[in-house]
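# the amino acid sequence is not available; the structure is as follows:
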RNA sequence: GUGGGCGUAGCUCAGACUGGUUAGAGCCCUGGAAUGUGGCUCCAGAGGUCGGGGGUUCGAAUCCCCUCGCUCACCCCA
């Protein structure tokens, strides 16, 4: 017996690493946040799209980029029964573009504005603000190269943050150019670094061949020193990219939105072109990005469509919640129960249950205790769960075909006829 | 993948450095305080083989080794 218990304790299964339960005390927060996201994005003309939680692996390999960290070491990939490779989505943009093409949305209208909310999966080592399953909301505007849209995406995100009450967010912005000018810049960068390679850290030496732009992001002191004097991409943008970046900045200025140009901002997804930005918070620890995005003018074509410019943004909801908690921002709490039904003795439980159901049918929330607890205990429960009223059913009341209704706040209570109960409640006993 | 920190009651932790009688506190939980009423207070009670395994020792929560888990950082990102 004791041995069994011991063994069963060992067999407790825990949540997988990097995942978490959202408990009832927190679900209202999620409702609240998701509602605000939907409300504001709808206002901006975005429509919600829901894509599957997994896709064929190839979508992400082609979309995000073969050599990216996400694809090389962070994906949950598994074969289906026929051996086709599937992957839990690590991000939302590639699936949305896939759905856009698959459902011929390119034919139905000029510009398609979509948003999504849902879980993403990355098999990384968890730490502060980083999980293996996390939720993102994201927006995608497909079908226009106008820089106005880059800005709209940013301000839509900012409005959501603002509505939630998040403070002290910073916007970092950069342009990573297009295919052509980026290639030229990368060449310049490599030339600059070539004779300084020996002073770089071992990882950056690797990056030199694979993805030289990442060297800009290295935080090691030595690399920083070298990078400091390196050419910056914004000096090598082609005419079109330069003009685009200029317009984006000028719209931001017009709207009096504060931002920092960060020429070394390079994001880890290969599809970005031109505008690339990040929204960061000091309250997040090392993982300070609360959201990020940019333009991806080549992705639609990359995934088999016609050349179609697009821009998007994605934000981590868990990180938003972390910042909300840090900044002690409140959110609507669970609504208490309208009525708790308390029975004086077990003999009354059938009547109590019938009345309980009657109240529920009238559209009010109601509950009772199903074990044989004392009236005192039942009152305690009613108090603890925040019931507005407690309905007490005892022999005295039953003999008169009445119940006692107690207002938990004012502590006033009165007897009410059962036949008149719903009327009484609707009439305003509940305010 | 590489490093640091931490695992003692449901929760927050003390005890560990300087091994030694039944391992503690607060909160929470359960029951009770003139018989049918919440909070506070008071009383009583439940709850841990100290993450797991091995070793040293007369004796281990405490020292050593292994292992698992959590956490933070690097990396990368939301």
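Received it, and whenever you're ready, just let me know what you need. As the structure is a computational prediction, the values presented were derived from the model and not from experiment.

# name the residue of chain A that lies nearest to RNA strand B.
residue A:268 (0.6 Å; C-beta to the nearest atom of the strand). For glycine as for every other residue, the C-beta is placed from the backbone atoms N, C-alpha and C.

# what helix or strand does that residue sit in?
Here residue A:268, judged by DSSP states H and E, is contained in no helix and no strand.

# give me the pLDDT value at it.
Looking at residue A:268, its pLDDT is 77.

# next SSE downstream of the one helix or strand residue A:191 maps to?
Assigned by DSSP H and E, residue A:191 belongs to helix A:179-194. Of the helices and strands lying after helix A:179-194 in sequence (DSSP H and E), the nearest is helix A:202-210.

# can you list contacts of that next one?
A:67, A:190, A:193, A:197, A:200, A:214-215, A:218, A:220, A:223 (C-beta atoms under 8 Å, 6 or more residues apart in numbering).

# type out the ChimeraX command that picks the buried ones from those.
In ChimeraX, this line selects whichever of these come out buried by 16 or more other C-beta atoms under 10 Å:
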select /A:193,200,214,215,218,223
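
# format the contacts of helix A:202-210 as CSV; extra columns: pLDDT and distance to RNA strand B.
Shown next, in CSV, are the contacts of helix A:202-210 (pLDDT from 0 to 100; distance: C-beta to the nearest atom of the strand, whole Å):
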residue, pLDDT, distance to RNA strand B
A:67, 81, 11
A:190, 83, 17
A:193, 81, 15
A:197, 73, 17
A:200, 73, 12
A:214, 73, 5
A:215, 77, 8
A:218, 68, 6
A:220, 68, 6
A:223, 72, 9
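
# would you point out the most distant pair within the contacts of helix A:202-210?
Across the contacts of helix A:202-210, the longest distance by C-beta to C-beta is 20.8 Å; it joins A:67 and A:220.

# where does the residue lying closest to residue A:355 once chain neighbours are set aside sit: helix, strand or coil?
In space, and not counting its chain neighbours, residue A:355 is closest to residue A:341: 6.3 Å by C-beta to C-beta, 6 or more residues apart in numbering. Three-state call for residue A:341 (DSSP: H, G, I helix; E, B strand; the rest coil): strand.

# bridged to residue A:341, which residues?
Assessed by DSSP bridges, residue A:341 has beta-bridge partners residue A:368, residue A:391.

# equivalent analysis for residue A:77, please.
residue A:87.

# residue contacts, it?
Residue A:77 neighbours (C-beta under 8 Å, 6+ apart): A:57, A:85-88.

# could you pull up the residues touching the nearest residue to residue A:132 once chain neighbours are set aside?
Among residues not flanking residue A:132 along the chain, residue A:18 sits closest, at 2.9 Å (C-beta to C-beta, 6+ apart). By C-beta under 8 Å, 6+ apart, the residues touching residue A:18 are A:123-126, A:130-133.

# repeat that for residue A:22.
residue A:30.

# quick revisit: wait, doesn't the residue nearest to residue A:355 sit right on residue A:368?
Yes: counting by C-beta atoms under 8 Å, residue A:368 is a contact partner of residue A:341 at 3.9 Å.

# which residues do those two both contact?
What both residue A:341 and residue A:368 touch, as defined by C-beta under 8 Å, 6+ apart, is the set A:352, A:356.

# the two: who's more crowded?
residue A:341 (28 against 21; other C-beta atoms under 10 Å).

# mind listing what the more buried one touches?
Residue A:341 makes contacts with A:352, A:355-356, A:359, A:366-368, A:390-391, A:393, as judged by C-beta under 8 Å, 6+ apart.

# and with 7 Å instead?
Counting by C-beta atoms under 7 Å, 6 or more residues apart in numbering, residue A:341 makes contact with A:352, A:355-356, A:366, A:368, A:391, A:393.

# and what of residue A:84?
residue A:56.

# ok, it to residue A:304 distance?
18 Å (C-beta to C-beta, to the nearest Å).

# got it, and residue A:193?
Taking C-beta to C-beta, one finds residue A:193 at 35 Å from residue A:304.

# low-confidence regions, chain A specifically.
Within chain A, the segments meeting pLDDT under 70 span A:1-11, A:202-203, A:217-221, A:427-431.

# how's it carved up into domains?
Split into domains by automatic domain parsing, chain A comes to A:17-178+A:238-326, A:339-429.

# which of these sits most buried?
Most buried of those, by mean neighbour count (mean count of other C-beta atoms under 10 Å): domain A:17-178+A:238-326, with a mean of 18.

# hang on, the earlier thing: which of the contacts of residue A:341 fall in helices?
A:352, A:355-356 (DSSP state H).

# would you list those in a markdown table and tack on distance to RNA strand B?
Below are the ones in helices among the contacts of residue A:341 laid out as a markdown table (distance: C-beta to the nearest atom of the strand, whole Å):
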| residue | distance to RNA strand B |
| --- | --- |
| A:352 | 12 |
| A:355 | 13 |
| A:356 | 16 |
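
# looking at the residues you listed, which is nearest residue A:157?
Nearest to residue A:157 among those, with distances taken as C-beta to C-beta, is residue A:356, at 45.5 Å.

# test my guess that that closest one contacts residue A:368.
Yes: contact criterion C-beta atoms under 7 Å: residue A:356 and residue A:368 qualify, at 5.2 Å.

# the closest residue to residue A:264 other than its chain neighbours: what's it in contact with?
Nearest non-adjacent residue to residue A:264, counting by C-beta to C-beta, 6+ apart: residue A:216, 4.1 Å away. Contacts for residue A:216 (C-beta under 7 Å, 6+ apart) come out as A:227, A:264, A:266.

# mind jotting down where the strands sit in the stretch 151-300 of chain A?
Under the criterion DSSP state E, counting those that start in this stretch, strands of the stretch 151-300 of chain A are mapped to A:169-175, A:260-261, A:273-281, A:289-295.
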